[in-house]
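1. give me coordinates for this.
(chains A and B)
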Number of protein chains: 2
Amino acid sequence: MAEPRISSIDGKLAKEFAVPSHVEEEKEKMAAFATHHVAAGRRVVLITSGGTKVPLESRTVRFLDNFSSGRRGASSAEYFIDAGYAVIFLHRHRSLYPYAHTFSTINMLDALQFRSGEAASGHSGEVVVDQKVLPNVVKMLKRYQEVKESQLILPVEFNTLSEYLHLLKAAAQALSTIGSKAMFYLAAAVSDFYIPASEMPEHKIQSSNGPLQLSLNMVPKILSPLVKDWAPQAFVISFKLETDPAILLEKARRALDTYRHQVVVANILDSRRGYVVVVTPSSQAELILTEEDVQNGVDIEERIVSNLTSAHNNFISPDGS
Amino acid sequence: MAEPRISSIDGKLAKEFAVPSHVEEEKEKMAAFATHHVAAGRRVVLITSGGTKVPLESRTVRFLDNFSSGRRGASSAEYFIDAGYAVIFLHRHRSLYPYAHTFSTINMLDALQFRSGEAASGHSGEVVVDQKVLPNVVKMLKRYQEVKESQLILPVEFNTLSEYLHLLKAAAQALSTIGSKAMFYLAAAVSDFYIPASEMPEHKIQSSNGPLQLSLNMVPKILSPLVKDWAPQAFVISFKLETDPAILLEKARRALDTYRHQVVVANILDSRRGYVVVVTPSSQAELILTEEDVQNGVDIEERIVSNLTSAHNNFISPDGS
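-> Coordinates of the predicted model:
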């Protein structure tokens, strides 16, 4: 596979993808966050999480999207924090968030109870969480508050593909100053296709015009400049999600060959919550949850993060020092 | 505009859109719900809410979607209940839900506080909602619980376009028995385009194949058989969202001409939360929130629902009896 030309990718990014107005501000925040935590002896992981939105119209009614609730990114963030990392959480607006993601399947109002106050105390009543409905709420709330208090997570939001690409570039540049102490954990489900701004209709596409022909360009492979140019010393993990097991490992190996980063976490849509393969240029490790693990509430992300933090150790100090 | 042929729409629905396995079960629930509430003297509104997902692959990684948080549907449901209706809430999985939607912009964990219990009482502590963060929580929770208790909302979920189409047909047939006491409030943002199952690749589309050409068919206009065939006595409102104000009213009028239903609520993407036009064959009413309304927290849905419930009265009893 021909190596993507970096200068052309950078040019394309500037030309065809609208720059979000807050990108410089976010970059400064990320740089300050990284410097602060490295000075305090921590490593920093940038986690990307959730799908990207690809507008079909400038005043967007319709868009292409990628399957992703953001569960893997949110859950992984918790394990990275437990492992001593500070986390920049670059996530899709409204995708799942660390600690809160465990409650995402219920309507919060089903977990609340009203308790009337005593008239004498002038207390009009309070609303209490029913811990039978949310058995983990105390644990999750305490952990969330500790992490927030110690400012161990910096949340950064994207919505469209353009925002994602520019914010990832900003993050890579912001983290370049901390060298190999930076890890990139690129778990977001990023579109491979887009419609350039110049070819996009302004208004909602009219169905009265008949069947719709869409012609989508390929999104520049941003991993290439990230690894070579923006954060050349960092430890970089990309994710590969396929539906066809027959091509998964070959695609993972080809990505490592092309982009020269450290790890691909490969997984299949249907089994992604119980099985992944951690692929490096020299190794291949299957991580599997047994039925017993599942019954005990073990997350595959715990295994993934444990594997990768060890690998990051070795990457920083290959001689074990 | 040529009138869509109903028999061909029904045939297409059966052939090109996978029937969800639970559709018959949902239909029975909806029919029982309608019969029960009409016997109790209520009217029944079917609200559709949220966007539809249009898969590009059978094992779906990528999909087309329509902009919609489900806010209008969720908020409208509350006002219909206040006006004495029972609500079938046919909504996109994870879209906003009545009463809960007011809290959708915050992370719930930011609104909770832990309060430790007294060791003597064997009480390990409780989690309380901070009413400074959620000032409306008591009101919303009480209302939500009352409505749940009285079973005034029947929630039905869809995710894909296919599920939406089949469930809407089932709803229309289920409500046909209550005649003009049924209202259809079709606020969901439904895709106009889809890829037939027969033309869909099984596996994730590979970006290594180069730029993507998509050819999308037009979704059958289900409003046509709904009005003529499935629920011919019902009071039917469709929504028209455009980005270009110049074509909005003409499109609304054309829809009324084509489908022969009662009302189109027309709105523009950018101003939809403060301005709509309620268009009928013989009238056109602008509903506008003033700055003062906005400051007082008035929702445009309150105005829309008030307009439509009056119109529904007149529809049921044209002579005012």
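2. what's the separation between A:L56 and chain B?
-> According to C-beta to the nearest C-beta, to the nearest Å, A:L56 and chain B sit 8 Å apart. Just so you know, the C-beta spots here come from the backbone N, C-alpha and C atoms, and that holds for glycine as well.
3. all helices for chain A, in order.
-> A:6-16, A:23-39, A:71-82, A:137-149, A:161-175, A:223-225, A:245-259, A:291-295, A:300-316 (DSSP state H).
4. what does the stretch 151-300 of chain A have sitting close to chain B?
-> By C-beta under 8 Å from any C-beta of the partner chain, the part of the stretch 151-300 of chain A that sits against chain B consists of A:189, A:191-193, A:202-205, A:207, A:210-219, A:241-244, A:269-270.
5. among those, name the buried ones.
-> Among these, the ones that count as buried by 16 or more other C-beta atoms under 10 Å in any protein chain shown are A:189, A:191-193, A:204-205, A:212, A:214, A:216-217, A:219, A:241-243, A:269.
6. max pairwise distance over those residues: which two?
-> Comparing every pair within these by C-beta to C-beta identifies A:K204 and A:E242 as the most remote, at 33.4 Å.
7. could you dump the helices of chain A to a markdown table with distance to B:V138 and mean pLDDT?
-> Shown next, in a markdown table, are those (distance: least, C-beta to C-beta, whole Å; pLDDT from 0 to 100):
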| stretch | distance to B:V138 | mean pLDDT |
| --- | --- | --- |
| helix A:6-16 | 49 | 82 |
| helix A:23-39 | 36 | 98 |
| helix A:71-82 | 30 | 97 |
| helix A:137-149 | 19 | 96 |
| helix A:161-175 | 37 | 97 |
| helix A:223-225 | 50 | 95 |
| helix A:245-259 | 51 | 95 |
| helix A:291-295 | 39 | 94 |
| helix A:300-316 | 37 | 97 |
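8. A:F184 is nearest to which of the ones you listed?
-> By C-beta to C-beta (comparing all of the helices of chain A), the closest turns out to be helix A:161-175, at 7.3 Å.
9. list the buried residues for the closest one?
-> A:161-175.
10. surely A:G73 and A:G51 touch.
-> No - with contact defined as C-beta atoms under 8 Å, A:G73 does not reach A:G51; the gap is 10.8 Å.
11. what residues do the two have in common as contacts?
-> A:95, A:188 (C-beta atoms under 8 Å, 6 or more residues apart in numbering or on different chains).
12. ok, those two, which is more surrounded?
-> Using other C-beta atoms under 10 Å in any protein chain shown as the criterion, A:G73 and A:G51 rank with A:G73 on top: 30 against 24.
13. tell me the contacts of the closest residue to that one other than its chain neighbours?
-> Once flanking residues are discounted, A:G73 sits nearest to A:S49: 2.4 Å by C-beta to C-beta, 6 or more residues apart in numbering or on different chains. A:S49 sits next to A:68, A:70, A:72-74, A:77, A:89-92, A:95-96, A:187-188 when contact means C-beta under 8 Å, 6+ apart.
14. next one, pLDDT for A:S49 please.
-> We have a pLDDT of 98 for A:S49.
15. where does the stretch 51-200 of chain A dip in pLDDT?
-> The model of the stretch 51-200 of chain A has pLDDT under 70 over residues A:118-123.
16. what do you get if the cut-off is 80, keeping everything else the same?
-> A:117-124 (pLDDT under 80).
17. distance of the nearest residue to A:A285 once chain neighbours are set aside from A:R254?
-> Counting by C-beta to C-beta, 6+ apart, A:V278 is the residue found nearest to A:A285 once chain neighbours are left out, at 4.5 Å. Here A:V278 is placed at a distance of 16 Å from A:R254 (C-beta to C-beta, to the nearest Å).
18. for A:D299, see how far away A:A77 is.
-> For A:A77, the distance to A:D299 - C-beta to C-beta - is 12 Å.
19. who's more crowded, the two?
-> Per other C-beta under 10 Å, whichever of A:A77 and A:D299 has more neighbours is A:A77, with 32 against 19.
20. ok, the more buried one touching A:I88?
-> No - using C-beta under 8 Å as the test, A:A77 is too far from A:I88 to be in contact (9.6 Å).
21. which non-adjacent residue is nearest A:A234?
-> A:A182 (4.2 Å).
22. swap in A:P20?
-> Once flanking residues are discounted, A:P20 sits nearest to A:E163: 4.7 Å by C-beta to C-beta, 6+ apart.
23. please tell me how far that neighbour sits from A:S8.
-> With C-beta to C-beta as the criterion, A:E163 and A:S8 are 21 Å apart.
24. and for A:A77 and A:I88, which residues touch both?
-> Common neighbours of A:A77 and A:I88 (C-beta under 8 Å, 6+ apart) are A:47, A:153.
25. need the contact list for A:V278.
-> A:263-266, A:284-285, A:287, A:304, A:307-308.
26. just list whatever residues bridge to it.
-> A:V265, A:A285 (DSSP bridges).
27. does A:S76 touch A:S306 like I think?
-> No - with contact defined as C-beta under 8 Å, A:S76 does not reach A:S306; the gap is 10.9 Å.
28. more crowded one of these two?
-> Taking other C-beta under 10 Å, A:S76 and A:S306 do not tie; A:S76 has more neighbours (26 against 14).
29. just give the nearest non-adjacent residue to the more buried one, would you?
-> Counting by C-beta to C-beta, 6+ apart, the residue nearest A:S76 is A:E301, at 4.5 Å.
30. who in the stretch 1-150 of chain A is up against chain B?
-> So the stretch 1-150 of chain A meets chain B at A:56-57, A:59-67, A:97, A:99-100, A:103, A:107-109, A:112, A:114, A:124-129, A:131, A:137-138, A:140-142, A:144-145 (C-beta under 8 Å from any C-beta).
31. who does A:E126 bridge with?
-> A:R115.
32. please name the bridge partners of the residue lying closest to A:K251 once chain neighbours are set aside.
-> Nearest residue to A:K251 in three dimensions, chain neighbours excluded: A:K240, at 5.6 Å (C-beta to C-beta, 6+ apart). Here A:K240 sits in beta bridges with A:A266, going by DSSP bridges.
33. and A:K240, what's its pLDDT?
-> On the pLDDT scale, A:K240 is placed at 95.
34. how about the one 4 residues further on?
-> The predicted local confidence for A:D244 comes out at a pLDDT of 92.
35. you'd agree it is up against B:H203?
-> Yes - the pair A:D244 / B:H203 is scored as a contact, 4.5 Å apart, by C-beta under 8 Å.
36. and the gap between A:E250 and A:S191?
-> Counting by C-beta to C-beta, the gap from A:E250 to A:S191 is 22 Å.
37. A:N66 too?
-> For A:N66, the distance to A:S191 - C-beta to C-beta - is 6 Å.
38. list the residues that contact both of these two?
-> In contact with both A:N66 and A:S191: A:51-52, B:62, using C-beta under 8 Å, 6+ apart.
39. now distance to A:K29 too, for the residues you listed, in a markdown table please.
-> Shown next, in a markdown table, are the shared contacts of A:N66 and A:S191 (distance: C-beta to C-beta, whole Å):
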| residue | distance to A:K29 |
| --- | --- |
| A:G51 | 24 |
| A:T52 | 21 |
| B:R62 | 32 |
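40. surely A:F235 meets A:Y185?
-> No - between A:F235 and A:Y185 there is no contact under C-beta under 8 Å: 9.2 Å.
41. and these two? Which one has more around it.
-> Applying other C-beta under 10 Å to A:F235 and A:Y185 shows that A:Y185 carries more neighbours, namely 29 against 25.
42. partners of that one in the sheet?
-> Beta-bridge partners of A:Y185, as defined by DSSP bridges: A:I47, A:I237.
43. I'd like to know how far it sits from chain B.
-> 20 Å.
44. quick one, what contacts that residue?
-> A:45-48, A:73, A:76, A:80, A:237, A:308.
45. for A:H312, grab the count of nearby residues.
-> For A:H312, the neighbour count with other C-beta under 10 Å is 23.
46. alright, calling it a day.
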